[in-house]
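# what's the 3D shape of this:
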Amino acid sequence: MQNVKSVLDAAAGEGIISSEQASRLAPYLEERGVTFPARTDTGVTDIAGPRGADAIAPVEDTEAPRFIRGFHDVLITIGIVIVLSGIWGIGSFLAALPAIVILAEILVRRQRLALPAVVLTIAYAQWIFFTALVGLTEMFGENVDPLLQFLLMAVPFPVALLPFYWRYRIPLSLGVLILSVFSLALALVFLGLSRATGDPDFVSNRPALSSTIFLVTALGLFAVAMWYDLADRLRISRWSDIAFWLHLAAAPALLYSMLAFVFLGKLDSSVFSGDAGAGKALVVVAIVILFMAIGLIIDRRAFVTSGLASLGFATASILQRMQAQPESYAFATLLIVGLIVLTIGVGWPHFRRWIFAALPPALKEKLPPLR
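Next comes the predicted model:
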């Protein structure tokens, strides 16, 4: 057992409570026989859970990160949105940065509130975007190479997000940081190829190579997400939350880069139109089903939700080819997609158990366990 005073002193040292509160709480808790179990790690619990995969907690039947711990978080978050909106409107986007930092120090650094941490991270990323956009416009005006513009817009994100994550340890901020690094690498590759070939429209003129590069980048992002996922297969620590956010970005990136690769860069509305033929629509459906299977294997529903729009368009295209009336196939599409979502959602544990039965034992041991 840990001494009550040592636990409270540690909490005061982390800024969770004040030293005065710690000294007053210690005798109060000791008189009532309150004890704390001994810890096997020395890390301090973060807003996203214990550090690494050393936490001891029951396996939860959920993949959601620790968003809300009570309606108090919701109330505070509403206040954050209103205050930042007012500052942004009355002053300027530059004035929002001090407010974001002050709120983060109070609500994230000291009070460790999860939902406000997510909202403040989004606000900070938005501030980085607008700052980069305004600075880029003032430096180069409107006439700038799109690839160079994308590169210059991506540079500030990892630079600004790194100290933000180091200070507050918000999983979403690390997820956005990693995503920005991949975006920066992608911009560098395309800009280099554009300069080397002398083709300013490299992406449009070389769809096969461009689609391959997009697909490789998406696979790299997925690999990083899986690294964090497999580091915490029981979903009880910060790594799982980081993996959650990375999968939210990796799933649609991987899906649409794969579709672009299959259709050699011609991924536009014509792929989902009635004139495209049922063959293309069936290919889209097959890819979406593959992603649903991947989601079941790794126990990540992001791979199901990422393909809903594509599944809906493909289903509508197939119904249109079957000469269905426009006023009927739109609602029929909603009905079909909705039934698929409900079926997968309700039967998720059962479907996952069926797929798990076909996997080798060595792979099962690395994946999240069955619920």
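# and the next element down the chain from the lowest-mean-pLDDT helix or strand in the chain?
For the chain, scoring each helix and strand by mean pLDDT, DSSP states H and E identifies helix 4-13 as the least confident one, at a mean of 70. Remark: after helix 4-13, the chain's next helix or strand is helix 19-31, criterion DSSP states H and E.
# continuing past that following helix, what's the next helix or strand?
Using DSSP H and E, the helix or strand that follows helix 19-31 towards the C-terminus is helix 71-90.
# what sits closest to the residue nearest the centre of the chain if chain neighbours are left out?
The centre of the chain sits closest to residue 245, judged by Cα atoms, centre = their mean, with a distance of 2.2 Å. What sits nearest to residue 245 in space, not counting adjacent residues and going by Cβ to Cβ, 6 or more residues apart in numbering, is residue 175, at 3.3 Å. (Glycine included, C-beta is placed from N, CA and C.)
# equivalent analysis for residue 337, please.
Leaving out its chain neighbours, the residue that sits closest to residue 337 by Cβ to Cβ, 6+ apart is residue 312, at 4.9 Å.
# just the element for the one you found, please.
Under the criterion of DSSP H and E, residue 312 resides in helix 308-321.
# and what of residue 257?
Residue 257 is part of helix 238-262, with elements assigned from DSSP H and E.
# can you spell out which helices and strands pack onto that helix?
Helix 238-262 sits against helix 171-197, helix 207-230, helix 278-298, helix 302-305, helix 308-321, with contacts defined as 3 or more Cβ pairs under 8 Å, 6 or more residues apart in numbering; DSSP states H and E.
# give me the buried positions along the helix or strand that comes right after the longest one.
Pointing back at helix 171-197 there. Beyond helix 171-197 in the direction of the C-terminus, DSSP H and E gives the next helix or strand as helix 202-205. By neighbour count on 16 or more other Cβ atoms under 10 Å, the buried set for helix 202-205 is 202-203.
# now helix 202-205: average pLDDT?
Taken as a whole, helix 202-205 has a mean pLDDT of 85.
# what helices and strands are in contact with it?
Under the contact criterion of 3+ Cβ pairs under 8 Å, 6+ apart, helix 202-205 touches helix 171-197, helix 207-230.
# now render the ones you listed as JSON lines, adding mean neighbour count.
Formatted as JSON lines, the entries for the helices and strands packed on helix 202-205 read as follows, by neighbours: other Cβ atoms under 10 Å:
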{"stretch": "helix 171-197", "mean neighbour count": "19"}
{"stretch": "helix 207-230", "mean neighbour count": "18"}
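# let's have these in a markdown table, adding distance to residue 26.
Formatted as a markdown table, those follow (distance: least, Cβ to Cβ, whole Å):
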| stretch | distance to residue 26 |
| --- | --- |
| helix 171-197 | 32 |
| helix 207-230 | 38 |
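# for residue 236, which of those helices is the nearest?
Closest approach to residue 236 among the helices and strands packed on helix 202-205 (Cβ to Cβ): helix 207-230, 12.5 Å.
# which residues does the closest one contact?
178-179, 182, 185-186, 189-190, 193, 202-204, 239-240, 242-243, 246-247, 249-251, 253-254, 257-258, 260-261, 264-266, 298, 300, 366-368 (Cβ atoms under 8 Å, 6 or more residues apart in numbering).
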